[in-house]
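# What follows is a predicted structure for the sequence shown.
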Amino acid sequence: MSTTLSFTQRDHELLPAVVQKVRLFSLRQVAEHWWVGDTANARRRLKQYAAAGLIERIEVQARPLPQLTQPVLSWRPQEAAPNFDAVAYKLQVRWKATPVRPCSAFVATERLAQHYGGRRSGELKHPLQATHDLGVAQIWLQLQATATAWADAWRGEDILAHTRRGEKCPDAFIVNEQQEVFCVIEFGGAYSAERVREFHEDCVQHNLPYQLW
């Protein structure tokens, strides 16, 4: 990797995450999770990563995220279908018309992706979906803090997209020691009832338990 940086355990958690787990982190997410809210020190370290060619800072437009401490819905095969209208209402009401605003975020470079075997090239394919990508990142951070085994077993959408060619791909897959998927995770954003239904029916078709956050 870089010969100019001395890497800490924190670095060895953060850098692989932005390659293998999620598409990006905001400065606030990095500071709160790895620097106990110390934005100045987080920013300083991120600048060092950027100078070493490991990450790239980008400016995105995103909404402030709602609290993401637990799934809105957890479902397993053989259980009854959920009330799609009720689930959609829970997803939509939490936003409370929060406005889009500028946000500094950080993505992996091709150099970092080559080192860790990820699939990143320094840009977002869909910049207008930054709110969604930050929401996915927040879910992973929540699991990393409260369910480490699941965070470790998390495989991001881009890593396993090849398994769903021509199909909708969930935001994350949770795999077992044999790398078999035993649960999928989706950030619901402000999904409509129809979109919740479509996601549910896809999981039914693949016989997969899911969490909708």
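Received, thanks.

# hang on, Phe173 is in a strand, isn't it?
Yes. Judged by DSSP: H, G, I helix; E, B strand; the rest coil, Phe173 forms part of a strand.

# you'd agree it is up against Glu186?
No. Phe173 is beyond contact range of Glu186, at 10.7 Å (criterion: Cβ atoms under 8 Å). Just so you know, the C-beta spots here come from the backbone N, C-alpha and C atoms, and that holds for glycine as well.

# These two: which is more packed in?
Between Phe173 and Glu186, Glu186 has the larger neighbour count (other Cβ atoms under 10 Å), namely 28 against 23.

# The more buried one reaches Asp202, doesn't it?
No. With contacts counted by Cβ under 8 Å, Glu186 stays clear of Asp202, the gap being 9.6 Å.

# Could you list the low-confidence segments of the protein?
Filtered on pLDDT under 70, the chain yields the residue ranges 1-4, 119-123, 127, 161-162, 165-166.

# mind listing the strands for it?
25-26, 55-62, 73-75, 101-108, 154-156, 172-175, 181-186, 210-212 (DSSP state E).

# For Val136, find the nearest of the ones you listed.
strand 172-175 (6.8 Å; Cβ to Cβ).

# burial measure for the closest residue to Leu73 other than its chain neighbours, as a count.
Leaving aside its sequence neighbours, Leu73 sits nearest to Leu212 (Cβ to Cβ, 6 or more residues apart in numbering; 4.4 Å). When neighbours are defined as other Cβ under 10 Å, Leu212 has 24 of them.

# May I ask you to name the longest helix in the chain?
helix 130-146 (DSSP state H).

# And it, what's buried?
130-144 (16 or more other Cβ atoms under 10 Å).

# Let me see the ranges of the helices in the chain.
9-16, 27-34, 39-51, 84-93, 110-116, 130-146, 148-153, 193-206.

# can you give me how far the fourth one is from the chain middle?
Between the mean C-alpha location of helix 84-93 and the chain-wide mean there is a distance of 21 Å, by Cα atoms, centre = their mean, to the nearest Å.

# Could you list the buried residues of that helix?
Within helix 84-93, judged by 16+ other Cβ under 10 Å, the buried ones are 84, 87-88, 91.

# export those to TSV and tack on distance to Leu46?
Shown next, in TSV, are the buried residues of helix 84-93 (distance: Cβ to Cβ, whole Å):
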residue	distance to Leu46
Phe84	40
Val87	36
Ala88	36
Leu91	31
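
# which of the residues you listed lies closest to Gln61?
Leu91 (20.6 Å).

# Can you verify my assumption that that closest one contacts Tyr191?
Yes. Between Leu91 and Tyr191 there is a contact under Cβ under 8 Å: 5.1 Å.

# and the nearest residue to Pro66 once chain neighbours are set aside, how many neighbours?
Leaving aside its sequence neighbours, Pro66 sits nearest to Arg94 (Cβ to Cβ, 6+ apart; 4.1 Å). Each residue near Arg94 was counted by other Cβ under 10 Å, and the total is 16.

# Could you do Val19 as well?
For Val19, the neighbour count with other Cβ under 10 Å is 25.

# and the closest residue to it other than its chain neighbours, what is it in contact with?
In space, and not counting its chain neighbours, Val19 is closest to Gly118: 3.2 Å by Cβ to Cβ, 6+ apart. By Cβ atoms under 8 Å, 6 or more residues apart in numbering, the contact list for Gly118 reads 16, 19-20, 108, 112, 158-159.
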